[in-house]
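[1] turn this into a model:
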Amino acid sequence: MKISSVDWIIIIFIMTITVIVGIYSSRKASKDTNQFFLSGKKMPWWLLGISMVATTFSTDTPNLVTDIVRNNGVSGNWVWWAFMITGFLTVFVYARLWRRTGINSDNEFYDIRYSGKAAKFLKSFRAVYLGLIFNVLAMSGISLAAIKIGEIIFNLQPVETILYAGIITVVFSTLGGFRGVVLTDFFLFFIAMSGSIMASIFIVNIPEIGGVVELFNHKNVKDKISFLPNFSNRQDLIILFIIPLSVQWWSSWYPGAEPGGGGYIAQRMLASKNEKDAVYATLFFNIMHYAIRPWPWILIALCSLIIFPDLNSISDKFPTLSENKLGHDVAYSAMLTFLPPGLIGIVVASLISAYISTISTHLNWGALYLVNDILKPIVISEKKLVRYARFITIFLFAISSLIALSLTNALQLFNFILMFGAGTGLIFILRWFWFRINAWSEISAMFFSGLISIILSMQSISSYFFGDFGILQEYMRYPIVVFTTTIFWLLITFVTEPEEQKVINSFKKRIGSGIKGFEFKKYLISSIPNILLSVCLVLSILVFIGSLLKSAIFLSFFSFVLMCMLGYFLKLKINMTS
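    Model (predicted):
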């Protein structure tokens, strides 16, 4: 595909602003690690909320949604929509608690919750487990999407894409730290959202599609537009709906949807000005993330089923596309080639922006773990720690890029990460309130979830237990990992010594924030109505937008009224809680 000079001007202009923000932010970021990683804990809710949305708006997200829709239809998105329950649990239960801790990273949680050698080992182990292993895997998926965009739109080789995209991202991340990431997220959010919305409007109305009505009535699409899975198809119902809603949302650790909060979401809550800003930031993020942002990608994915009904049609259209990069997720990039000059520049710039935003956050977050929890105990100089942080940033990007070059599609990595963290989620929810949990509980949960998922992925074992010739259905793989891991960490919990009472009392006092009469049980119960209202609000917004697109007037009117009512009551309830 040939990029016009107008498109290049738009792309270069947006990238220039990104670099300027990074250089501007570097002055404060270089002062100390608190400024580099948390920007002095003075960020307002709206800036942090937008940053959360922009961070999770990565180049691989449209590809993942496209992959899901082409294979399982709109209802296939329940595999990640189910995480909205986790998200609102974080908003109304854990956001305030995270901010009260006063720590600099979610890994410092172990300094105040546990004690002894086990706690020190857990902290270092998790810094490597999440900051290096999980973080690198997540970044490799993002870079994989960038590689596919580079091949389809710029005719670049995978290595060329990594080099060009990486230089600006790494320079920006090493210069600006967390402040640069958040400030750029604010700018890139509007570019990315406007780009995806304009792209979906244009593509839906190209002659080959003929508008929304023709799209939904097309034979390739009409069986893919249902909001709920086919209840008569037992396997789809279990995989796409029952397991995500009954098991997955509380049991699996996934970047951006961590049970109890964590990762870069926790980093932004910790950087907020106060508890109220932490709550509002995560509330804004979850509504945007689950209810509004996916629709442009869903529409483009449905359009791709008409233009590219199978992988052969994509391969025929783009013969230079690497064979090991051909998957349903690449259909999103393929559809962008139909955009006119000017608009393609905005959309490509939005994807580049999304890439920079997400990768820079992962780099900053990974460096935060490794510097704060591995190097800080042995390096005294703050200036040296900042230099080490910048070196680690480059190292993390290099490793993730090498993995990205060997991957095939986004869904492949999504399922792997989901399985690898299966069974750990419950412990991250309960550790704040059930004080029988100790450091060995978490160590065993992370160890056994990874071990069991790897064992069940081995060809000989997998073929014996799962699939057409196995003793169990394929959909039983995930629940088995979850419940086996849970049994192991519960056993370890009860055979090891409980945490010291003085440590528990200190922790309770800290997250109680000195509030007289603060009771955890009442706090949890009072949060339930807010969580339920928020989940219903997101569902009503999803139904409203979907029914509006399908011209279902009565349903759209009903869902709009319901949406307004839920929003009103949620606001009242939040004010009462505050």
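[2] mind listing residues that contact the helix or strand hosting Asn415?
    Using DSSP states H and E, Asn415 sits in helix 410-420. For helix 410-420, contacts defined as C-beta atoms under 8 Å, 6 or more residues apart in numbering pick out 60, 63-64, 67-68, 71, 80, 134, 137-138, 140-141, 144-145, 248, 252, 254-255, 327-329, 407, 449-450, 453, 457, 477-478, 481. The way it works is simple: take the backbone N, C-alpha and C, and place the C-beta from them, glycine included.
[3] let's see 7 Å
    Residues from elsewhere that reach helix 410-420 (C-beta atoms under 7 Å, 6 or more residues apart in numbering): 60, 63-64, 67-68, 134, 137-138, 141, 144-145, 252, 254, 329, 407, 449-450, 453, 478, 481.
[4] before we move on, what about stretch 194-202?
    Around stretch 194-202, the neighbours that count as contacts under C-beta under 7 Å, 6+ apart are 296-297, 299-300, 336, 339, 343, 346-347, 349-350.
[5] what would those look like in JSON lines with distance to Ser534 and neighbour count?
    Below are the contacts of stretch 194-202 laid out as JSON lines (distance: C-beta to C-beta, whole Å; neighbours: other C-beta atoms under 10 Å):
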{"residue": "Pro296", "distance to Ser534": "23", "neighbour count": "21"}
{"residue": "Trp297", "distance to Ser534": "22", "neighbour count": "23"}
{"residue": "Leu299", "distance to Ser534": "25", "neighbour count": "24"}
{"residue": "Ile300", "distance to Ser534": "27", "neighbour count": "25"}
{"residue": "Leu336", "distance to Ser534": "33", "neighbour count": "22"}
{"residue": "Leu339", "distance to Ser534": "35", "neighbour count": "22"}
{"residue": "Leu343", "distance to Ser534": "35", "neighbour count": "19"}
{"residue": "Ile346", "distance to Ser534": "32", "neighbour count": "21"}
{"residue": "Val347", "distance to Ser534": "31", "neighbour count": "26"}
{"residue": "Ala349", "distance to Ser534": "33", "neighbour count": "22"}
{"residue": "Ser350", "distance to Ser534": "28", "neighbour count": "27"}
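[6] check which element follows the helix holding Asn415 along the chain.
    helix 425-430.
[7] dump the C-alpha coordinates for that following helix into PDB.
    Extracted C-alpha coordinates of helix 425-430, given in PDB (Å, rounded to 0.1, in the frame of the first residue of the first chain):
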ATOM      1  CA  GLY A 425      -6.800 -14.400  40.900                       C
ATOM      2  CA  LEU A 426      -8.800 -15.500  44.000                       C
ATOM      3  CA  ILE A 427      -5.800 -15.100  46.200                       C
ATOM      4  CA  PHE A 428      -5.300 -11.500  45.100                       C
ATOM      5  CA  ILE A 429      -8.900 -10.700  46.000                       C
ATOM      6  CA  LEU A 430      -8.900 -12.400  49.400                       C
END
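[8] isn't Ile306 right up against Phe216?
    No: taking contacts as C-beta atoms under 7 Å, Ile306 lies outside contact range of Phe216: 11.0 Å.
[9] please say which of these two ends up with more neighbours.
    Per other C-beta atoms under 10 Å, whichever of Ile306 and Phe216 has more neighbours is Ile306, with 18 against 15.
[10] the host helix or strand of that one packs against which elements?
    Using DSSP H and E, the element containing Ile306 is helix 294-307. Packing partners of helix 294-307 (3 or more C-beta pairs under 7 Å, 6 or more residues apart in numbering; DSSP states H and E): helix 60-72, helix 158-204, helix 331-336.
[11] residues making contact with whatever helix or strand comes next after the longest one?
    This means helix 158-204. Downstream of helix 158-204, the first helix or strand assigned by DSSP H and E is helix 212-217. When contacts are defined by C-beta under 7 Å, 6+ apart, helix 212-217 is touched by residues 204, 209, 221-222, 225, 302-303, 549-551.
[12] before we move on, what about stretch 281-288?
    45, 48-49, 52-53, 84, 87-88, 90-91, 95, 265, 268-269, 272, 538.
[13] can we see that at 6 Å?
    Residues outside stretch 281-288 that contact it (C-beta atoms under 6 Å, 6 or more residues apart in numbering) are 45, 48-49, 52-53, 87-88, 90-91, 95, 272.
[14] tell me who's in contact with Ile553.
    Contacts of Ile553 were listed using C-beta under 6 Å, 6+ apart, and none were found.
[15] excluding chain neighbours, what is closest to Thr56?
    The shortest distance from Thr56 to any residue other than its chain neighbours is 4.7 Å, reached at Gly256 (C-beta to C-beta, 6 or more residues apart in numbering).
[16] phi first, then psi, for that neighbour.
    The phi/psi pair for Gly256 (degrees, to the nearest 10) reads phi 90, psi -10.
[17] neighbours around it, how many?
    Burial measure for Gly256: 22 neighbouring residues, criterion other C-beta under 10 Å.
[18] quick check: it vs Leu385, distance?
    As judged by C-beta to C-beta, to the nearest Å, Gly256 and Leu385 stand 26 Å apart.
[19] packing partners of whichever strand or helix holds Leu402?
    Element membership of Leu402, judged by DSSP H and E, is helix 382-404. Packing partners of helix 382-404 (3 or more C-beta pairs under 6 Å, 6 or more residues apart in numbering; DSSP states H and E): helix 135-153, helix 158-204, helix 343-370.
[20] and that helix, which residues are buried?
    382, 385-386, 388-390, 392-393, 395-397, 399-401, 403-404 (16 or more other C-beta atoms under 10 Å).
[21] let me know the angle separating that helix from helix 60-72.
    With axes from the mean of the first three to the mean of the last three C-alpha atoms, to 10 degrees as the basis, helix 382-404 and helix 60-72 are set at 30 degrees to each other.
[22] any idea of the mean pLDDT in helix 382-404?
    Computed over helix 382-404, the mean pLDDT rounds to 84.
[23] chain center to it: distance?
    On the basis of C-alpha atoms, centre = their mean, to the nearest Å, helix 382-404 sits 21 Å off its chain's mean C-alpha point.
[24] use 60 as the first number for this chain going forward.
    Got it, the first residue is 60 from now on, which makes the last one we talked about helix 441-463.
[25] and the angle for that helix with helix 402-429?
    120 degrees.
[26] count the residues that sit near the nearest residue to Pro314 once chain neighbours are set aside.
    Among residues not flanking Pro314 along the chain, Ala197 sits closest, at 4.8 Å (C-beta to C-beta, 6+ apart). By other C-beta under 10 Å, 27 other residues sit near Ala197.
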